[in-house]
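Enquirer: After the sequence you'll find the predicted model.
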Amino acid sequence: MNNNYGKTFTRGAAARIIRTSLATLAVLTASSIAYAQDKNQDKREGINFASIPSPTTSDTIAPPAGNSAFLLGQAVGTQGYVCLPNGTGGASWTVNGARPEATLFTKIFGEAFQIITHFLSPVVNPNDIGPKPSRFGDATWQSSFDSSRVWAQKKNFITAGSEASCPNGGSIDCLLLQVVGSDEGPAGGRSLTKTSFIQRLNTNGGSAPATGCLVTGDVGMQALVPYSADYYFFRNEQ
């Protein structure tokens with residue numbers, strides 16, 4: 001084996017390990033700070049949380065005044081569809097809402113790190129906004145750091161391709177979602193529990209297939225359609 005190649009390979013591997021370790025430490029540190037800030041707010045009013053620039057959108061999907069963005073996750077995943085009867089003698093992928101399964105990432109030092117998972121699950125700690133009783137499952141976001149969870153339902157939408165915050169025509173809608181429940185992690189983590197609204201923007205893909213679910217003979221078929229999107233998490237600062 002060429003010694004120079006071996007040394008170069010070793011240095012490259014070491015650099016990658018160091019980069020990954022530093023990025024992981026930065027993510028964990030940021031998560032710990034956010035959690036500590038959240039704990040402090042319970043003890044005193046008026047604490048200033050770290051925030052990020054809120055995206056520019058139409059009023060249709062903008063959170064109410066007093067809500068500030070504090071977290072952005074870039075999602076990659078699928079929208080799951082089941083072919084069901086449509087009530088008019090045929091069948092449709094869209095009789096039920098799509099089932100999301102996605103992983104949200106953030107980039108630190110150029111490396112993508114998982115911060116949240118997105119899926120459907122029953123609301124275990126509902127607030128007064130969602131339906132009573134709760135649905136079988138609602139859109140869920142769970143922190144990859146402290147396992148805190150938040151559930152949200154669609155409040156409004158815009159069609160993909162209709163404005164700059166949702167530019168990709170033919171993709172799934174961009175949404176404003178309102179939180180209907182939240183739950184601490186098993187060790188008391190609360191990094192997501194203060195979330196009040198979530199925006200889904202910059203959607204790409206995810207729409208129901210145009211074929212494969214037209215007649216009753218197609219009922220029961222399933223489809224997983226890849227999509228990506230940006231999810232902005234807001235909290236009420238008032």
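Expert: Noted; the coordinates are in hand.
Enquirer: how about the helices of this protein, start to end?
Expert: In the chain, the helices defined using DSSP state H lie at 3-43.
Enquirer: For this protein, which helix or strand comes out least confident on mean pLDDT?
Expert: Here the helix or strand of the chain ranked lowest by mean pLDDT, DSSP states H and E is helix 3-43, holding a mean of 47.
Enquirer: Give me the below-cutoff pLDDT ranges for this structure.
Expert: Residue ranges of the chain with pLDDT under 70: 1-50, 238.
Enquirer: please redo it, this time with the cut-off set to 90
Expert: The chain contains residues with pLDDT under 90 at 1-51, 87, 107-110, 132-136, 237-238.
Enquirer: mind listing the strands for it?
Expert: Along the chain, counting by DSSP state E, strands occupy 67-82, 84-85, 91-92, 99-108, 111-121, 138-143, 149-158, 174-183, 195-205, 222-236.
Enquirer: Would you mind listing the residues in contact with the residue most central in space within the chain?
Expert: Centroid check for the chain by C-alpha atoms, centre = their mean gives residue 231 as the closest residue, at 4.9 Å. Residues near residue 231 by C-beta atoms under 8 Å, 6 or more residues apart in numbering: 72, 73, 74, 75, 104, 116, 118, 141, 198, 199, 200, 201. Using the backbone N, CA and C atoms, a C-beta is placed for each residue, glycine as well.
Enquirer: Spatially nearest residue to it (excluding sequence neighbours)?
Expert: Once flanking residues are discounted, residue 231 sits nearest to residue 73: 4.8 Å by C-beta to C-beta, 6 or more residues apart in numbering.
Enquirer: hang on, the one you found packs against residue 102?
Expert: No: with contact taken as C-beta atoms under 8 Å, residue 73 and residue 102 are classed as non-touching, separated by 9.1 Å.
Enquirer: Count the neighbours of the residue nearest to residue 120 when sequence neighbours are not counted for me.
Expert: Residue nearest to residue 120 in three dimensions, not counting chain neighbours: residue 137, with 3.9 Å by C-beta to C-beta, 6+ apart. Other residues within reach of residue 137 by the criterion other C-beta atoms under 10 Å amount to 14.
Enquirer: gap between residue 137 and residue 71?
Expert: Distance of residue 137 to residue 71, given as C-beta to C-beta, to the nearest Å: 23 Å.
Enquirer: And for residue 150?
Expert: Distance from residue 150 to residue 71, by C-beta to C-beta: 11 Å.
Enquirer: same check, this time on residue 59
Expert: 22 Å.
Enquirer: can you pull the contacts of residue 78?
Expert: With C-beta under 8 Å, 6+ apart, residue 78 has these contacts: 100, 101, 102, 206, 224, 225, 226, 227.
Enquirer: bridging residues for it?
Expert: On the basis of DSSP bridges, residue 78 is bridged to residue 101, residue 226.
Enquirer: for residue 142, same thing?
Expert: residue 117, residue 149.
Enquirer: and residue 190, how many neighbours?
Expert: Neighbours of residue 190 (other C-beta under 10 Å): 19.
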